[in-house]
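Chemist: give me a model of this one.
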Amino acid sequence: MKTFICQVCNHIAFDEAPVDCPVCESAIEHFEKDEEAIKVPADLENLTNTDKEHVPVVHISRECDIHHNNECSVVSLKVGALEHKMDSEHLIEFIDLYINKKYFSRLMFTSKTIFPAALVHLSADTGTLSVISHCNVHGSWRTNFKLDKK
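Modeler: Numbers count the residues shown, from 1 in each chain. Below is the predicted model:
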């Protein structure tokens, strides 16, 4: 898969670089092609501790207590099956969200006062949700989750 990374904010674009970065608005010249920009564990059945600290974990519920029109899915996100440290030298800086390779949101984190986790109310009910976490030391890690209306 072709991946392009913004050298200013680490946003990842799929297939082609955008004219302007949707996160920091940098020009296309700030994107570099990087086929290895996203880490995916080699063996999903035997994750290393590093994998377990970085791979996003996704749970989806169709039970939304905010939007009552049955068009909302509650997406619970957290980085890692093992807790990732959150100090100024080593932390999860953000989680980016995509549907069908199209970026739609960035969740930012700071050190010490927050866990790298969030709830998102999503109106899309089909396609592939990609969740990319970014560690300032170990780079970007992805999980894909198939959305299907049930």
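Chemist: what's the local residue count around Asp51?
Modeler: 20 (other CB atoms under 10 Å). For the C-beta atoms, the positions are set from N, CA and C on the backbone; glycine is no exception.
Chemist: for beta bridges, what are the partners of the residue nearest to Lys33 when sequence neighbours are not counted?
Modeler: Using CB to CB, 6 or more residues apart in numbering and skipping the chain neighbours, the partner closest in space to Lys33 is Phe4 (5.5 Å). Bridge pairing for Phe4 (DSSP bridges) gives the partners Ala13, Lys33.
Chemist: tell me the contacts of Phe4?
Modeler: Residues counted as contacts of Phe4 (CB atoms under 8 Å, 6 or more residues apart in numbering) are Ile12, Ala13, Phe14, Glu16, Ala17, Phe31, Glu32, Lys33, Asp34, Ala37.
Chemist: which one of these is nearest Leu47?
Modeler: Nearest to Leu47 among the contacts of Phe4 is Ala37, at 20.1 Å by CB to CB.
Chemist: could you check the pLDDT of the closest one?
Modeler: At Ala37, the model reports a pLDDT of 92.
Chemist: now do the contacts for it.
Modeler: Thr3, Phe4, Ile5, Ile12, Gly139, Ser140.
Chemist: thinking the third one is in contact with Cys21, fair?
Modeler: No: counting by CB atoms under 8 Å, Cys21 is not a contact partner of Ile5; they are 10.1 Å apart.
Chemist: CA atoms of stretch 95-110 as PDB?
Modeler: Extracted in PDB, the C-alpha atoms of stretch 95-110 (Å, rounded to 0.1, in the frame of the first residue of the first chain):
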ATOM      1  CA  ILE A  95      -4.500   8.700  17.400                       C
ATOM      2  CA  ASP A  96      -5.600   9.300  13.800                       C
ATOM      3  CA  LEU A  97      -8.900   7.800  12.500                       C
ATOM      4  CA  TYR A  98      -9.700   6.900   8.900                       C
ATOM      5  CA  ILE A  99     -12.700   5.300   7.100                       C
ATOM      6  CA  ASN A 100     -11.800   3.600   3.800                       C
ATOM      7  CA  LYS A 101      -8.300   5.200   3.900                       C
ATOM      8  CA  LYS A 102      -9.900   8.700   4.200                       C
ATOM      9  CA  TYR A 103      -8.700  10.700   7.300                       C
ATOM     10  CA  PHE A 104     -11.400  12.200   9.500                       C
ATOM     11  CA  SER A 105     -10.000  12.900  13.000                       C
ATOM     12  CA  ARG A 106      -7.000  13.300  15.200                       C
ATOM     13  CA  LEU A 107      -7.100  12.800  19.000                       C
ATOM     14  CA  MET A 108      -4.100  14.500  20.700                       C
ATOM     15  CA  PHE A 109      -2.600  13.500  24.000                       C
ATOM     16  CA  THR A 110      -0.200  15.000  26.500                       C
END
